[in-house]
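>>> no FASTA, just this:
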């Protein structure tokens, strides 16, 4: 069977969401970097990465890719066959999509990326989103005080899908915000210890590759 192809760049937190699930599933895959023109020539109406090709199937949207890969190759990571467990995976994937990513991304943009692309740092934006984060983390702390991972005592797609944006937030000067929440910190440390996460993280330098010139 030919390896899956994943179009995008390893430094991307969206790409990381797909890659870490591919690694957890033990799937053979190939990363295909591309220029912007190549990206828009793919079957991706929004011009976004990643795009997955698995034989004749083309998928986009990183969470959909993650769920597809795990359903196909490691269904226990989406709690397939467990209605309540699967619903809990979905809940925390939705929380990540609608709460964590929109909160962390502005902090990452202003703290890390802006300095390399000539964008002025807007501390008000950072502070606003840090305040949102400080309201979100107690919800995570409460959940993780009763189970090791977000959907129960075993890791699932819900946890893996948090990795990409958490990786870059934890590279900012505000990573210490997490230290005030011991169960959240233990959860993050458990994620970092996984070989799949370590392999994907190796392609995600904390500067997005800007300082080294290794950028898309």
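Ah, there it is. Computed from a prediction, not measured in an experiment: that's the story for all the values here.
>>> For the rest of this, base every contact and every neighbour count on C-alpha atoms.
Will do.
>>> how much space between the residue nearest to residue 24 when sequence neighbours are not counted and residue 11?
Using C-alpha to C-alpha, 6 or more residues apart in numbering and skipping the chain neighbours, the partner closest in space to residue 24 is residue 196 (5.7 Å). Distance, residue 196 to residue 11, by C-alpha to C-alpha, to the nearest Å: 15 Å.
>>> where are the low-confidence patches of the chain?
Applying pLDDT under 70 to the chain picks out residues 35-44, 211-216.
>>> ok, the residue nearest to residue 24 to residue 92 distance?
20 Å.
>>> what do you get for residue 190?
Distance of residue 190 to residue 92, given as C-alpha to C-alpha: 17 Å.
>>> between the two, which one's more packed in?
residue 92 (21 against 14; other C-alpha atoms under 10 Å).
>>> Report the contact partners of the closest residue to residue 123 other than its chain neighbours.
Spatial nearest neighbour of residue 123, excluding adjacent residues (C-alpha to C-alpha, 6+ apart): residue 110 at 7.8 Å. Residue 110 makes contacts with 119, 120, 121, 122, 123, 126, as judged by C-alpha atoms under 8 Å, 6 or more residues apart in numbering.
>>> Just give me the neighbour total for the residue nearest to residue 33 when sequence neighbours are not counted.
Ranked by C-alpha to C-alpha, 6+ apart and with sequence neighbours excluded, the top spatial neighbour of residue 33 is residue 8, at 5.1 Å. Residue 8 has 23 neighbouring residues, counting by other C-alpha under 10 Å.
>>> Residue 8 reaches residue 34, doesn't it?
Yes: Residue 8 is within contact range of residue 34, at 6.3 Å (criterion: C-alpha atoms under 8 Å).
>>> Need the overlap of contacts for those two.
By C-alpha under 8 Å, 6+ apart, no residue touches both residue 8 and residue 34.
>>> For stretch 155-168, buried residues please.
Of all the residues in stretch 155-168, those buried under the rule 16 or more other C-alpha atoms under 10 Å are 155-168.
>>> To clarify, my last question referred to stretch 71-82.
71, 73, 74, 75, 76, 77, 78, 79.
>>> OK, contacts around residue 163?
Applying C-alpha under 8 Å, 6+ apart, the residues near residue 163 are 13, 16, 17, 191, 197.
>>> Go through the longest helix anywhere in the chain and flag the buried ones.
Assignment by DSSP state H gives helix 123-144 as the longest helix of the chain. The neighbour-count check on helix 123-144 (16+ other C-alpha under 10 Å) flags 126, 129, 130, 132, 133, 137, 140, 141, 143, 144 as buried.
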